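Trainee: Here is the input, now give the coordinates:
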Amino acid sequence: MIAMDCAQPLAPRQNLTKVFRFPIFFGLRPSAFGFILLLLKPFLASAQAPPQLPPGGLMQLQVPQPSVDLSSPVSAVAAFDPPSVHVGEKTYYRVTIDATESSIQWPDAISAPAGLEFGPKISGQITQMLMNQFRPHASFVYEVKPRAEGHFTVAPFRVDVSGTPVDIPAASLDVVPPSDRTAAARQLRLEISQTNVFLGQPFRARVILPGGPNNEIEALREIEFRGDGLMVDKIVLQQAIEPLNLDGQLKMALVSEMTVTPIAAGPLKFAAQGFAAGREFTAPISIHGQVNFFGGMPRYVLLVSDPVEIHVRPLPVDGELPGFTGAIGRFFQDPPHLATNRVHVGEPVSLTVAFHGEGDLTRFVPPAARRSRDWQIIADPPPATGFTLIPLADDMRETPAIPFSYFDPDTARYEDLTIPPLPVTIVGEGLPVELPPLDNAGKTEAPLKLSAAAPAPGKTVSGLKPLQLRLWFAGVQLVPVLAFLALWQWDRRRRFLEAHPEIVRRAQARRALRREKRQLQAAVGAGDAVAFIHHAARAMTIAVAPHFPANPRALVCGDVLAQLAATGQNGPAADTVKSVFAAVDARFAVTPTRPPDWLALRPGVESVLQTLEEKL
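Mentor: The predicted structure is shown next:
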């Protein structure tokens with residue numbers, strides 16, 4: 001065990017010994033200190049000398065990387081962490097398999113006891129260096145909450161790993177009474193700097209791994225965020241070991257801070273996960289306070305955090321200034337610097353601009369180069385924020401202004417950061433104005449002559465005015481725009497009707513109802529009572545079909561009566577509907593009877609159809 005009490009960044013592993021040897025000289029007298037330095041001078045000189053590659057050192061750089069161990073027997077471990085909890089407390093069911101996550105066919109659901117409530121599956125993978133080979137470890141974690149006291153056991157089951165069955169052992173959990181003491185579930189903590197951000201606005205996320213008893217600190221590897229709509233910058237990772245107030249108690253903890261950028265609007269919920277990996281620190285760490293690191297092989301444990309939720313607002317469209325490239329924060333601009341204020345036509349000159357401020361400068365995009373008739377502007381490749389300007393004429397007295405703006409999330413406004421013009425003198429001696437005539441006399445002996453006359457006259461034109469300057473040409477340019485607007489309006493109407501199919505059904509019903517009414521009038525004019533009754537019943541079912549919705553052939557008299565007003569279900573309108581459907585059903589009677597005068601129902605039928613048509 002190594003105990004450290006310092007506030008210096010943890011150096012790489014090969015420099016650990018050198019960093020922690022210096023305190024042994026504190027407290028010595030100056031004469032003894034100088035004598036020791038004199039003795040160690042040759043060793044210190046050899047240690048600080050730059051490494052020299054031996055003969056064939058370049059060949060050693062081409063040694064293949066360690067392979068992944070896939071031939072060793074696959075083993076699996078399953079356990080609850082912690083193994084003893086109270087009712088309603090949180091515990092984790094963990095299964096670790098010595099294989100890659102992609103090679104494991106994990107079941108969709110686990111057969112759990114009735115008294116345990118399993119959450120969604122969380123998985124991760126990490127590799128360990130053993131005997132010059134990488135050994136993969138895949139872990140599957142479930143958050144479990146017991147609902148009753150007792151002893152619960154998850155039965156063993158079998159999974160397929162690259163075609164080989166692997167047995168997952170049983171795991172037991174004891175749910176004890178409230179009087180018994182239990183350990184808290186080991187998990188990560190996730191803290192974010194802001195909960196209300198704009199789309200594309202970076203914010204800081206802190207993943208905290210609390211220390212164990214006696215300030216025991218472990219490394220945290222393979223940190224990931226579970227959730228959609230986020231972009232994590234894992235390159236800029238800051239880790240520190242510092243005391244924090246956790247649940248009212250001051251404890252040492254490992255803090256990993258990263259930059260997260262939302263790329264989707266709306267409410268976003270995400271959580272953090274990572275592997276506790278013993279002393280396998282992979283980045284420089286600042287240590288504040290006294291902590292303990294234990295040696296030995298690390299035990300990889302996949303830890304998760306409780307989810308947090310943020311609200312992401314889209315950037316406002318109103319008020320956007322020219323030159324906005326997605327910069328969000330609070331930025332400032334130093335006065336621009338021109339390499340020289342006297343240039344020739346065609347001579348490039350460098351324009352340098354420095355930006356600084358509060359925000360994510362790692363993804364800062366400089367303003368785009370604008371187009372100009374008098375200047376050729378070339379933007380320097382990122383991350384530089386300069387330009388190369390080339391004058392194309394000698395009548396300018398200043399460089400062009402380059403529009404640029406950023407969005408301030410505190411004020412929710414776009415701020416102008418335009419690069420102002422600078423005075424400059426253009427000298428028109430850089431390029432010749434007229435080119436000398438080319439003398440081809442010495443290159444050919446053939447005399448110059450006109451080409452032969454054309455056998456037929458060419459196309460005639462009404463004038464020498466270019467097509468681009470004629471009035472009808474502007475109208476031709478508007479044709480694609482109008483076609484696009486018509487297509488856009490048609491697609492908008494199509495999407496609206498897809499979202500509201502009832503409108504389509506009602507329109508179809510109105511068209512079909514008008515056809516039936518025309519056939520109804522034709523039957524009345526011809527004195528055909530049977531056709532009149534048939535079309536009347538058909539028209540009524542068509543008028544009420546969109547309200548269900550249903551096929552008109554599947555509706556009966558009761559469905560039509562249900563769509564009439566409350567006052568009309570027992571009045572003359574209801575009697576008319578019943579008479580029409582009774583006349584239609586009379587065709588199927590065993591003993592046919594002489595039909596009554598069905599054409600007398602015409603006024604009532606027209607009144608009912610008018611009432612039903614008004615409801616469409």
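
Trainee: Which pLDDT value belongs to the spatially most central residue of the chain?
Mentor: Nearest to the mean C-alpha position of the chain, by CA atoms, centre = their mean, lies G229 at 2.9 Å. At G229, the pLDDT value in this model is 87.

Trainee: Okay, and F140 sits in which element?
Mentor: Using DSSP states H and E, F140 maps to strand 133-146.

Trainee: ok, whichever helix or strand comes after that strand: who's next to it in the sheet?
Mentor: Going down the chain from strand 133-146, the next helix or strand is strand 150-154, by DSSP H and E. According to DSSP bridges, strand 150-154 forms sheet pairs with strand 171-175 (antiparallel).

Trainee: What segments of the stretch 51-200 of the chain are helices?
Mentor: 57-60 (DSSP state H, counting those that start in this stretch).

Trainee: quick one, strands of it?
Mentor: All strands of the stretch 51-200 of the chain, identified by DSSP state E, counting those that start in this stretch, fall at 67-68, 76-81, 84-85, 91-97, 104-105, 116-130, 133-146, 150-154, 157-161, 164-168, 171-175, 189-192, 196-198.

Trainee: Domain ranges for the protein, per the record?
Mentor: Annotated domains of the chain cover 68-175, 189-313, 324-427, 502-614 [automatic domain parsing].

Trainee: a markdown table for these, including distance to S462?
Mentor: Heads up, the C-betas are built off the backbone N, CA and C, glycines and all. What follows is the domains of the chain, written out as a markdown table (distance: least, CB to CB, whole Å):
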| stretch | distance to S462 |
| --- | --- |
| domain 68-175 | 73 |
| domain 189-313 | 55 |
| domain 324-427 | 32 |
| domain 502-614 | 51 |
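
Trainee: Any idea which of these gets closest to A183?
Mentor: Of all those, domain 68-175 sits nearest to A183, with 4.4 Å by CB to CB.

Trainee: What residues sit buried inside the strand or helix carrying A582?
Mentor: According to DSSP H and E, A582 maps onto helix 572-585. Going by neighbour count (16 or more other CB atoms under 10 Å), the buried part of helix 572-585 is A573, A574, T576, V577, S579, V580, F581, A583, V584.

Trainee: List the contacts of it.
Mentor: Contacts with helix 572-585, where a contact means CB atoms under 8 Å, 6 or more residues apart in numbering, come from 533-534, 536-537, 540, 556-557, 560-561, 564, 568, 595, 598, 601, 604-605, 607-608, 611.

Trainee: coming back round to it: so what's the model's average confidence on the strand holding F140?
Mentor: Taken as a whole, strand 133-146 carries a mean pLDDT of 88.

Trainee: ok, now stretch 108-119?
Mentor: Across stretch 108-119, the average pLDDT comes to 86.

Trainee: how many neighbours does the nearest residue to M231 once chain neighbours are set aside have?
Mentor: Excluding the flanking residues, the one nearest M231 by CB to CB, 6 or more residues apart in numbering is T261, at 4.6 Å. Using other CB atoms under 10 Å, T261 has 18 neighbouring residues.

Trainee: ok, longest helix in the protein?
Mentor: Criterion DSSP state H: the longest helix present in the chain is helix 471-499.

Trainee: What are the buried residues along whatever helix or strand comes next after that helix?
Mentor: Per DSSP H and E, helix 471-499 leads on to helix 501-526 as the next helix or strand towards the C-terminus. Burial within helix 501-526, assessed by neighbour count using 16+ other CB under 10 Å, is assigned to R505, R506, A509, A512, L513, E516, K517, Q519, L520, A523, V524.

Trainee: got a list of contacts for the following helix or strand past helix 501-526?
Mentor: The first helix or strand that comes after helix 501-526 along the chain, using DSSP H and E, is helix 529-544. The contact list for helix 529-544 (CB under 8 Å, 6+ apart) reads 509, 512-513, 516-517, 519-520, 523-524, 552-553, 555, 559-560, 562-563, 577, 580-581, 583-584, 595, 597-599, 601-602, 605, 608-609, 612-613, 615-616.

Trainee: Swap in 6 Å and give it another go.
Mentor: With contact meaning CB atoms under 6 Å, 6 or more residues apart in numbering, helix 529-544 is reached by 509, 512-513, 516, 519-520, 523-524, 552, 555, 559-560, 563, 580-581, 583-584, 598-599, 605, 609, 612.

Trainee: what's the average pLDDT for it?
Mentor: Helix 529-544 comes out at a mean pLDDT of 92.

Trainee: mind listing what's buried in stretch 389-404?
Mentor: In stretch 389-404, counting by 16+ other CB under 10 Å, buried: L389, P391, D394, M396, T399, P400, I402, P403, F404.

Trainee: pLDDT, distance to N292 and secondary structure for these - can I get that in a markdown table?
Mentor: Formatted as a markdown table, these follow (pLDDT from 0 to 100; distance: CB to CB, whole Å; DSSP: H, G, I helix; E, B strand; the rest coil):
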| residue | pLDDT | distance to N292 | secondary structure |
| --- | --- | --- | --- |
| L389 | 88 | 60 | strand |
| P391 | 89 | 67 | strand |
| D394 | 81 | 74 | coil |
| M396 | 83 | 69 | coil |
| T399 | 89 | 61 | coil |
| P400 | 88 | 62 | coil |
| I402 | 88 | 56 | strand |
| P403 | 90 | 57 | coil |
| F404 | 88 | 51 | coil |
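
Trainee: gap between L230 and T388?
Mentor: In this structure, L230 and T388 are 37 Å apart, going by CB to CB, to the nearest Å.

Trainee: now do I328
Mentor: On the measure of CB to CB, I328 and T388 end up 27 Å apart.

Trainee: With I168 instead?
Mentor: To T388, I168 is 64 Å away according to CB to CB.

Trainee: P156: which of the buried residues of helix 572-585 is nearest?
Mentor: The closest of the buried residues of helix 572-585, once distances to P156 are taken by CB to CB, is F581, at 67.3 Å.

Trainee: Distance from the chain centre to the longest strand belonging to the chain, please.
Mentor: In the chain, assigned by DSSP state E, the strand with the most residues is strand 230-246. Relative to its parent chain, strand 230-246 has a centroid offset of 21 Å by CA atoms, centre = their mean, to the nearest Å.

Trainee: Same check on stretch 171-186?
Mentor: The answer for stretch 171-186 is 39 Å, by CA atoms, centre = their mean.

Trainee: again with stretch 235-251
Mentor: 28 Å.

Trainee: what's the model's confidence in it, averaged?
Mentor: On average, stretch 235-251 scores 83.

Trainee: So what touches it?
Mentor: 210-211, 217, 252-259, 283, 285-289, 291.

Trainee: what about this structure, any weak spots by pLDDT?
Mentor: 1-66, 69-70, 131, 294-296, 359-360, 362, 382-383, 429-454, 566-569, 589-595 (pLDDT under 70).

Trainee: V312: what's it in contact with?
Mentor: V312 sits next to V197, L199, P262, A265, L268 when contact means CB under 6 Å, 6+ apart.

Trainee: Neighbour count for those residues - can I get that in TSV?
Mentor: Formatted as TSV, those follow (neighbours: other CB atoms under 10 Å):
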residue	neighbour count
V197	21
L199	18
P262	23
A265	15
L268	20
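
Trainee: could you give the angle of the helix holding A582 to helix 529-544?
Mentor: 120 degrees (axes from the mean of the first three to the mean of the last three CA atoms, to 10 degrees).

Trainee: Dump the C-alpha coordinates for helix 572-585 into PDB.
Mentor: C-alpha atoms of helix 572-585 as PDB (Å, rounded to 0.1, in the frame of the first residue of the first chain):
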ATOM      1  CA  PRO A 572     -90.400  11.600 -37.400                       C
ATOM      2  CA  ALA A 573     -86.800  11.300 -38.500                       C
ATOM      3  CA  ALA A 574     -86.400   8.100 -36.600                       C
ATOM      4  CA  ASP A 575     -89.600   6.700 -38.000                       C
ATOM      5  CA  THR A 576     -88.500   7.500 -41.500                       C
ATOM      6  CA  VAL A 577     -85.100   5.700 -40.900                       C
ATOM      7  CA  LYS A 578     -86.900   2.700 -39.500                       C
ATOM      8  CA  SER A 579     -89.300   2.500 -42.400                       C
ATOM      9  CA  VAL A 580     -86.500   2.700 -45.000                       C
ATOM     10  CA  PHE A 581     -84.500  -0.100 -43.400                       C
ATOM     11  CA  ALA A 582     -87.700  -2.200 -42.800                       C
ATOM     12  CA  ALA A 583     -88.500  -1.800 -46.500                       C
ATOM     13  CA  VAL A 584     -85.000  -3.000 -47.400                       C
ATOM     14  CA  ASP A 585     -85.200  -6.000 -45.100                       C
END
